[in-house]
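A.B. asks: Need the 3D shape of this:
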Amino acid sequence: MDVKATPIRPVRLGNMAAEAEHRPDGSTIVRSIETLGAYPRSIVDALEAWAEKTPDTVLIADREGGGWRPLSFSEVLARMKPLSQALLDAGLSAERPLMIVSGNEIEHFLLGLAAIWVGIPYAPVSPAYSLLSSDFGKLRHIVGLVTPGMVYASDGEKFGPAIAATFAPDMPLIVRTNLPAGRPARLFDDLLTTPVTSAVAAAHDAITPDTVAKVLFTSGSTGLPKGVITTNRMMACNQEMIRTALAFLRDEPPVLLDWMPWNHVAGGSHNTGIAIYNGGSFYIDDGQPTPARFGATLRNLEDVQPTFFTNVPKAYECLVAALDDHPKARRNLFARLKLLQYAGAGLSQHVFDGLDRAARAETGERVMIITGYGSTETAPFAFTTTWPVEQAGHIGLPAAGMTIKLVPNGDKTELRLKGPNVTPGYWRDPVKTSEAFDEEGFYRIGDAVRYADPEDLSRGFVFDGRVAEDFKLSTGTWVNFAAVRSAVIGACAPLIRDCVLTGLDLNFVGAMIFPDLEACKRQAGLAADAEPEAVIAHPLVRAKFAMALAELAERSTGSSNHVARALLLAGLPDIDRGEITDKGSINQRAVRAHRADLVAALHADAPGPSILVLDRKGFHQ
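C.D. replies: Predicted coordinates:
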């Protein structure tokens, strides 16, 4: 059956249009010509408006026991005010912000909004820095930079070791459960009984669009985390940008089911903001796209019918593998769904096809899949497609209200951005702030783009990798990192999680591959408790990778895109050594540096038996 002959479910989207100005210096200015509508001074003003208009609509819900724990718009607003008073009573301010070290839950949601309500910045920090780290180095760095006046952790016992190691003994500590031994702390529920005074209304009246709402820490993929200042204006205007592009959000309150961590901008600003700004409902998914946690997502889909579903490509891969065996989850996913959105990485063709197949089986229609582009520094929405994605890396056109600059940079075109959604800088770091902007005030995001069609601006742009990630072989040949990495992942899916490319100043391109061990176990018929070393050494696993990479080698056109050798890695990347961020992004440079012996083995004159050797005529050991 011709998939494209099947109609796409109608969805109302805005127009995306831009105009270009080519400058004598070789740069190009591209401006969105779409009008950015009015927006409130803060996201909490939108919440208050919906609490008056639709007080009983569920705004937020998380799992508790066997069911959901919901709060309506009016209930959220009522709880925010005593929490705001408690924060003011504790002396919190722009100099002494609130820090939250645990993950997504109603208490986190309420405390963050309560801080914004009275102009107190808050910093949601990755739980991985407390729970997965062994030295708490990144958490200690963030504490020193933020100088918090209070810290919240959901479970005082679970987060106890990290708190004891990084926070002063007299730091006010709030927990939902399990008061820790040996230090003073209060329960979250006690804060809800705080008598509200006129100080809350006065502080709320004093906030402005430029008041700092939160400080979001980048993942630290190139060093220690930086604190990105996020203002009220950034959050509010970004939601108006989103609604301008995704016009269906105006038609009915959206429903979201989402797991993305709130210490990142996608989950904590973009996704929760869509519900708040548009009078919608946000269900916290306690699942994750991992073998151990994805069952929870499927269970939640048996309860929730999302109208807007956004996720990372790995989660869509998990959905495609599971939906045929979970008919109720499949039915609910597609019952009211207007749009699928992905970001963070490319979506493999077999996942595109699988989503189309599941939608057609359930509804007889395809559901539009779009993608976009942005960063923590852009709040994050900066580009999107409002048409079905048909090309890997397609990011669309700039959002309403945005202007971009395209600057020649070697053989790439560097992207820079300006708009009301762009951060004013980094928290207490004037040097990095100065480095981040050019002489015209454009933010240097560090990425490259190219035209989807050089003759037609309306087709938008394609992501072309990081400006600094490309490298030269010893022959002087440039390797397009993003293209080669994407090709390796696409060829080896679904057995691969990520890869690190090698070859800087060497004779050929190599790949150190982090396999998806669970998928590899299924491929080889191995038990769930099989050791990683046994998994990557299994003949069926090696044969599958060898075949995929040999086919890729056959299609290569020269040394710049020919992966000549590959090595499967049994060990996971190390968060303490900076090899991986808490959201799963690989730090290529750190992996190569910490595994220099493996790079040497990969490029040795006489490769060992663990190396897959791939010439352009096929695979040989």
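A.B. asks: pLDDT score for the spatially most central residue of the chain?
C.D. replies: Nearest to the centroid of the C-alpha atoms of the chain, with distances taken as Cα atoms, centre = their mean, sits A266, at 5.1 Å. As predicted, A266 sits at a pLDDT of 94.
A.B. asks: any idea how far G273 is from it?
C.D. replies: Separation of A266 from G273 (Cβ to Cβ, to the nearest Å): 10 Å. All C-beta atoms are positioned from the backbone trio N, CA, C, and that covers glycine.
A.B. asks: and if you look at S474?
C.D. replies: Applying Cβ to Cβ, the value for S474 to G273 is 48 Å.
A.B. asks: between those two, which one's more packed in?
C.D. replies: Set S474 next to G273 and count neighbours by other Cβ atoms under 10 Å: G273 wins out with 21 against 12.
A.B. asks: pretty sure the more buried one contacts C237?
C.D. replies: No - G273 is beyond contact range of C237, at 10.9 Å (criterion: Cβ atoms under 8 Å).
A.B. asks: Distance from the biggest strand by length in the chain to the middle of the chain?
C.D. replies: The residue-count maximum for a strand in the chain (DSSP state E) belongs to strand 443-451. Taking Cα atoms, centre = their mean, to the nearest Å, one finds strand 443-451 lying 18 Å from the centre of the chain it belongs to.
A.B. asks: what do you get for stretch 61-81?
C.D. replies: 25 Å.
A.B. asks: now the end-to-end length of that stretch.
C.D. replies: 19 Å (Cα to Cα, to the nearest Å).
A.B. asks: May I see the buried residues of that stretch?
C.D. replies: Within stretch 61-81, the residues scored as buried using 16 or more other Cβ atoms under 10 Å are 61-63, 70-77, 79-81.
A.B. asks: Cross these against strands and list the overlap.
C.D. replies: 61-63, 70-72.
A.B. asks: If we only consider the residues you listed, which is nearest to L139?
C.D. replies: Lowest distance from L139 to those (Cβ to Cβ) belongs to D62, with 24.0 Å.
A.B. asks: follow-up on the earlier one: would you reformat the buried residues of stretch 61-81 as JSON lines and include pLDDT?
C.D. replies: Output for the buried residues of stretch 61-81, formatted as JSON lines (pLDDT from 0 to 100):
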{"residue": "A61", "pLDDT": "98"}
{"residue": "D62", "pLDDT": "97"}
{"residue": "R63", "pLDDT": "95"}
{"residue": "P70", "pLDDT": "98"}
{"residue": "L71", "pLDDT": "98"}
{"residue": "S72", "pLDDT": "98"}
{"residue": "F73", "pLDDT": "98"}
{"residue": "S74", "pLDDT": "98"}
{"residue": "E75", "pLDDT": "98"}
{"residue": "V76", "pLDDT": "98"}
{"residue": "L77", "pLDDT": "98"}
{"residue": "R79", "pLDDT": "98"}
{"residue": "M80", "pLDDT": "98"}
{"residue": "K81", "pLDDT": "98"}
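A.B. asks: residue boundaries of the helices in the stretch 301-450 of the chain?
C.D. replies: Using DSSP state H, counting those that start in this stretch, the helices of the stretch 301-450 of the chain run over 313-322, 327-335, 349-363, 430-435.
A.B. asks: ok, now the stretch 451-600 of the chain?
C.D. replies: Ranges of helices in the stretch 451-600 of the chain, per DSSP H, counting those that start in this stretch, are 481-492, 517-524, 532-537, 539-555, 588-594, 596-602.
A.B. asks: Check which residues of the helix or strand containing L298 are buried.
C.D. replies: Taking DSSP states H and E as the definition, L298 sits inside helix 294-301. The neighbour-count check on helix 294-301 (16+ other Cβ under 10 Å) flags 294, 297-301 as buried.
A.B. asks: Give me the helices and strands touching that helix, please.
C.D. replies: strand 255-258, helix 313-322, helix 327-335 (3 or more Cβ pairs under 8 Å, 6 or more residues apart in numbering; DSSP states H and E).
A.B. asks: So which of those is nearest A524?
C.D. replies: Nearest to A524, of all the helices and strands packed on helix 294-301, is helix 313-322, at 16.6 Å by Cβ to Cβ.
A.B. asks: Show me how far that closest one is from its chain's centre.
C.D. replies: How far helix 313-322 lies from its chain's middle: 16 Å, per Cα atoms, centre = their mean.
A.B. asks: which residues in the stretch 1-150 of the chain form strands?
C.D. replies: For the stretch 1-150 of the chain, the strands defined by DSSP state E, counting those that start in this stretch occupy 18-22, 28-32, 58-64, 67-72, 98-100, 122-124, 150-155.
A.B. asks: Any chance of those in JSON lines with distance to R186 as columns?
C.D. replies: Compiled in JSON lines, the strands of the stretch 1-150 of the chain are given as follows (distance: least, Cβ to Cβ, whole Å):
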{"stretch": "strand 18-22", "distance to R186": "51"}
{"stretch": "strand 28-32", "distance to R186": "47"}
{"stretch": "strand 58-64", "distance to R186": "21"}
{"stretch": "strand 67-72", "distance to R186": "21"}
{"stretch": "strand 98-100", "distance to R186": "14"}
{"stretch": "strand 122-124", "distance to R186": "17"}
{"stretch": "strand 150-155", "distance to R186": "10"}
